[in-house]
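S.K.: what's the 3D shape of this:
(2 chains)
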Amino acid sequence: GESVGLHLPTLSVQEGDNSIINCAYSNSASDYFIWYKQESGKGPQFIIDIRSNMDKRQGQRVTVLLNKTVKHLSLQIAATQPGDSAVYFCAEAENFGNEKLTFGTGTRLTIIP
Amino acid sequence: DVKVTQSSRYLVKRTGEKVFLECVQDMDHENMFWYRQDPGLGLRLIYFSYDVKMKEKGDIPEGYSVSREKKERFSLILESASTNQTSMYLCASSLGGRTGELFFGEGSRLTVL
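M.R.: Below you'll find the model as predicted:
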């Protein structure tokens, strides 16, 4: 499953499939980007980050892609599991180490068994 | 593990009441933050603090104040609660100068009647 365009509110993906969550940002001065995951009843949790001098960064089952030309960020989750069901937020900052983050509105990912 | 503890998970207050939301972190982090989270609006920064007795306004400080008398504790104060302050409030902390990795508490859901 894939969400396109602006930050859509919901995305449903079959368990085991890959998911792609997209995020458009508007501040061309943003230099640092982060993805957070928020499970029901909990606070957001850091997943992965990327600086603007990179276009791709991989973690465990997750990959973040950055396209500064079109101001677009995406989070790819491989082989989704039920525990991936959550709301995912992108966040941006004007420079690395500046923890004053601007968050997106979030995308709710639902994994279908 | 970093633990950020918000003293109240659920509060119900009346319009005009003074409300205190307390947050404590146990990892000696320099930075602390208060966000509010509303459906469709994501997380918006209210106030943050880089050091004891220091505070800076975030994006939506109106109607709020904060206090940081000790490094581990950051309080959010609503001097005269209003119904439009009904929301989920999230406290976070981070180690200064590091990545954008904020550690969030589980949130305080405030309802103002």
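
S.K.: can you pull the contacts of residue 10?
M.R.: All of this is about chain A. A:T107, A:R108, A:L109, A:T110 (CB atoms under 8 Å, 6 or more residues apart in numbering or on different chains). From N, CA and C alone the C-beta is placed, and that goes for glycine too.

S.K.: Oops, wrong one, chain B.
M.R.: Counting by CB under 8 Å, 6+ apart, B:Y10 has contacts B:S108, B:R109, B:T111.

S.K.: Just the buried residues of those.
M.R.: B:S108 (16 or more other CB atoms under 10 Å in any protein chain shown).

S.K.: Just the buried positions in stretch A:91-110, please.
M.R.: A:91-93, A:96, A:99-107, A:109.

S.K.: For that stretch, give the mean pLDDT please.
M.R.: Per-residue pLDDT values across stretch A:91-110 average out to 85.

S.K.: same thing with stretch B:65-84?
M.R.: Averaged over stretch B:65-84, pLDDT sits at 97.

S.K.: Partner strands of the least confident helix or strand in chain A by mean pLDDT, with direction?
M.R.: Within chain A, no helix or strand scores below strand A:102-103, which has a mean of 90 by mean pLDDT, DSSP states H and E. When pairs are called by DSSP bridges, strand A:102-103 turns out to pair with strand A:86-93 (antiparallel).

S.K.: from the middle of its chain, how far away would the partner strand be?
M.R.: 5 Å (CA atoms, centre = their mean, to the nearest Å).

S.K.: May I have that strand as CSV, with CA atoms only?
M.R.: Output of strand A:86-93 as CSV, limited to C-alpha atoms (Å, rounded to 0.1, in the frame of the first residue of the first chain):
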residue,chain,number,x,y,z
ALA,A,86,0.1,3.1,14.7
VAL,A,87,0.0,6.7,13.7
TYR,A,88,3.2,7.9,12.0
PHE,A,89,4.4,11.5,12.1
CYS,A,90,7.1,13.1,10.1
ALA,A,91,8.9,16.0,11.7
GLU,A,92,11.4,18.6,10.5
ALA,A,93,14.0,21.0,11.9
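
S.K.: Please verify my assumption that A:R108 contacts A:L11.
M.R.: Yes. With contacts counted by CB atoms under 8 Å, A:R108 reaches A:L11, the gap being 7.0 Å.

S.K.: Quick check: the gap between B:G105 and B:K70.
M.R.: If you measure B:G105 against B:K70 using CB to CB, to the nearest Å, the figure is 16 Å.

S.K.: Those two: who's more crowded?
M.R.: Regarding B:G105 and B:K70, a neighbour count based on other CB atoms under 10 Å in any protein chain shown identifies B:G105 as having more, with 22 against 10.

S.K.: which is the next helix or strand following the strand or helix carrying A:F33?
M.R.: Using DSSP states H and E, A:F33 sits in strand A:32-38. Moving toward the C-terminus from strand A:32-38, the next helix or strand (DSSP H and E) is strand A:45-51.

S.K.: And the average pLDDT for that following strand is what?
M.R.: pLDDT averaged over strand A:45-51 gives 94.

S.K.: Pull the distance from the very next helix or strand once past that strand to the chain's centre.
M.R.: The helix or strand immediately downstream of strand A:45-51 is strand A:56-58, counting by DSSP H and E. On the basis of CA atoms, centre = their mean, strand A:56-58 sits 12 Å off its chain's mean C-alpha point.
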